[in-house]
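*Asks:* I need the structure of the sequence given here:
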Amino acid sequence: MNGPALPMPYAGPPLGQGLFELWERVGKVRYRVFYTFDGGRVVVLLYAAVKDQRVLEADIALARRRLKDYVGRR
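*Replies:* Got it, this is the predicted structure:
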């Protein structure tokens with residue numbers, strides 16, 4: 001499986017409005033990558049952060065603003 005159907009533990013549940021979250025671990029550091037799809041083939045990176053114990057709403061809000069900006073400029 002890949003694309004929007006990427007399962008846990010690799011990706012979180014869809015965040016709505018075309019926003020997705022990928023989880024990646026490099027060594028002991030966990031990263032959260034927010035992304036979207038454009039045309040089903042292109043992945044657009046919106047934001048990446050070191051993952052804490054909980055999801056920060058500010059991270060999701062920033063990714064949503066960047067998604068809105070990207071869609072507005074297409």
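
*Asks:* Point to the helix or strand of the chain where mean pLDDT is at its lowest.
*Replies:* Considering only helices and strands, the least confidently modelled element of the chain by mean pLDDT, DSSP states H and E is strand 42-50, at a mean of 81.

*Asks:* which helices and strands does it pack with?
*Replies:* Using 3 or more CB pairs under 8 Å, 6 or more residues apart in numbering; DSSP states H and E as the contact criterion, the neighbours of strand 42-50 among helices and strands are strand 29-38, helix 57-73. In short, each C-beta sits where N, CA and C put it, glycine included.

*Asks:* Who are the contact partners of the closest residue in space to Leu6 that isn't next to it in sequence?
*Replies:* Nearest residue to Leu6 in three dimensions, chain neighbours excluded: Leu22, at 7.3 Å (CB to CB, 6 or more residues apart in numbering). When the contact criterion is CB atoms under 8 Å, 6 or more residues apart in numbering, the partners of Leu22 are Leu6, Tyr10, Ala11, Gly12, Arg32, Val33, Phe34, Tyr35.

*Asks:* Name whatever forms a beta bridge with the nearest residue to the fourth one once chain neighbours are set aside.
*Replies:* Right, Gly12. Ranked by CB to CB, 6+ apart and with sequence neighbours excluded, the top spatial neighbour of Gly12 is Glu21, at 4.1 Å. Legend: beta-bridge partners of Glu21 under DSSP bridges are Phe34.

*Asks:* wait, what's in contact with the nearest residue to Arg74 once chain neighbours are set aside?
*Replies:* If the residues on either side of it in the chain are set aside, Arg74 comes closest to Asp38, at 7.4 Å by CB to CB, 6+ apart. Residues in contact with Asp38 (CB under 8 Å, 6+ apart) are Val44, Tyr70, Arg74.
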